[in-house]
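>>> Model the structure of this input:
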Amino acid sequence: MRIQKILNNNVVQTSNKNKDELIVMGRGIAFQGKVGDPIDEEKIQKTFILKDDDSMFADIFNELTTEEIDTVFIIVRLAEEKLKQDFESHVYITLGDHLHYAIERQKENMPLTNPLAWEVRRLYKAEYQIGVQALDIIEERTGIRLVDTEASAIALYLINAQKEGHRMEQTMRVLKIVQGVLNIVRLHFGYDFDEDSFAYQRFVTHLQYFAQRVNSKLQQGSNDSFLFEQVRDTYPESFKCSEKIKQYIESTYDFPVGREEQVYLTIHIQKLTTK
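A predicted model of the protein is given here:
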């Protein structure tokens, strides 16, 4: 492969033997290079194949400053080390594009809010902490301090770029479902819960899997009448709360909540509210 276009010391445009157009990324891959020079393939860290409908991605990299591209590399490398996770190559494109416009908006004093910022902070703590560190990296590299809610936005891009992870639309739906259920529980009992407690963390984990099933329209479990009735009679207040969740899910997402699912919801709510 040879350099066709230098986007940055770390990013070049090229093509392979099948004549696929590529964005090739790696630390110093274009350092002191010029168009037509061979690419040192040992330096390649990520490769992105440009399809017909992806040609805009090369344009995105052209818009990014050297500092912004370097910042994206540093953030992704930090996330890989901290999360022990591999990321899809498109994270460099999507995160880079987002950071570029977030920085431009901040310069104009027009930052955007993230309505799910609090939920991301609660449900994806490891990714959120990377986002917090990313704000410091961005400020150090570009001189611009983004608003705190940008940490959650960065976390979302990392969540959706994890291999075997969810796409953005699916993740947003899962977050909204979890957010909706937690709000129902909070309003039903009239107080907030200790988010660091074991019971809360277990409940949130259950809700994430529950939300994924709702999102995928995947029903599972049995309709054990005995256990259902036992839980209903033993934990009446928690069961009433699960009824509200059932109505919310069925009316909003057209997903029938089975008895076994309601049993587990009731048990988790009971553990959460037992002091």
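
>>> just checking, next helix/strand downstream of the host helix or strand of Q133?
Assigned by DSSP states H and E, Q133 belongs to helix 125-142. As assigned by DSSP H and E, the chain's next helix or strand after helix 125-142 is helix 150-161.

>>> when you compare where that following helix runs with where helix 125-142 runs, what's the angle?
120 degrees (axes from the mean of the first three to the mean of the last three CA atoms, to 10 degrees).

>>> Past the worst-scoring helix or strand of the chain on mean pLDDT, which element shows up next along the chain?
Least confident helix or strand of the chain, by mean pLDDT, DSSP states H and E, is helix 56-63 with a mean of 67. Downstream of helix 56-63, the first helix or strand assigned by DSSP H and E is helix 66-83.

>>> how about that next one: buried residues?
Across helix 66-83, burial judged by 16 or more other CB atoms under 10 Å covers E67, E68, I69, D70, T71, V72, F73, I74, I75, V76, A79, L83. Using the backbone N, CA and C atoms, a C-beta is placed for each residue, glycine as well.

>>> Need the residues that contact it.
The contact list for helix 66-83 (CB atoms under 8 Å, 6 or more residues apart in numbering) reads 7-11, 25, 27, 61, 64, 85-87, 91-92, 95-96, 99-100, 103, 126-127, 129-130, 133-134, 137-138, 141-142, 154, 158, 162.

>>> Drop anything exposed from these.
Judged by 16+ other CB under 10 Å, buried ones among those: 7-11, 25, 61, 64, 85, 87, 91-92, 95-96, 99-100, 103, 127, 130, 133-134, 137-138, 141-142, 154, 158, 162.

>>> Using the record's assignment, carve this protein into domains.
Following the assignment in automatic domain parsing, the chain carries domains at 5-52, 66-161, 168-273.

>>> Show me where the stretch 151-275 of the chain dips below the pLDDT cut-off.
For the stretch 151-275 of the chain, applying pLDDT under 70 flags the ranges 163-168, 219-224, 275.

>>> just the helices in the protein please.
For the chain, applying DSSP state H gives helices covering 56-63, 66-83, 90-107, 117-123, 125-142, 150-161, 168-189, 198-216, 225-234, 236-253, 259-273.

>>> tell me what the shortest one is packed against?
Packed against helix 117-123 by the contact rule (3 or more CB pairs under 8 Å, 6 or more residues apart in numbering; DSSP states H and E) you find helix 125-142, helix 150-161, helix 168-189, helix 198-216.

>>> Point out the most buried one among these.
helix 150-161 (a mean of 24; mean count of other CB atoms under 10 Å).

>>> Which elements pack onto that helix?
Checking 3+ CB pairs under 8 Å, 6+ apart, helix 150-161 ends up next to helix 66-83, helix 90-107, helix 117-123, helix 125-142, helix 168-189.
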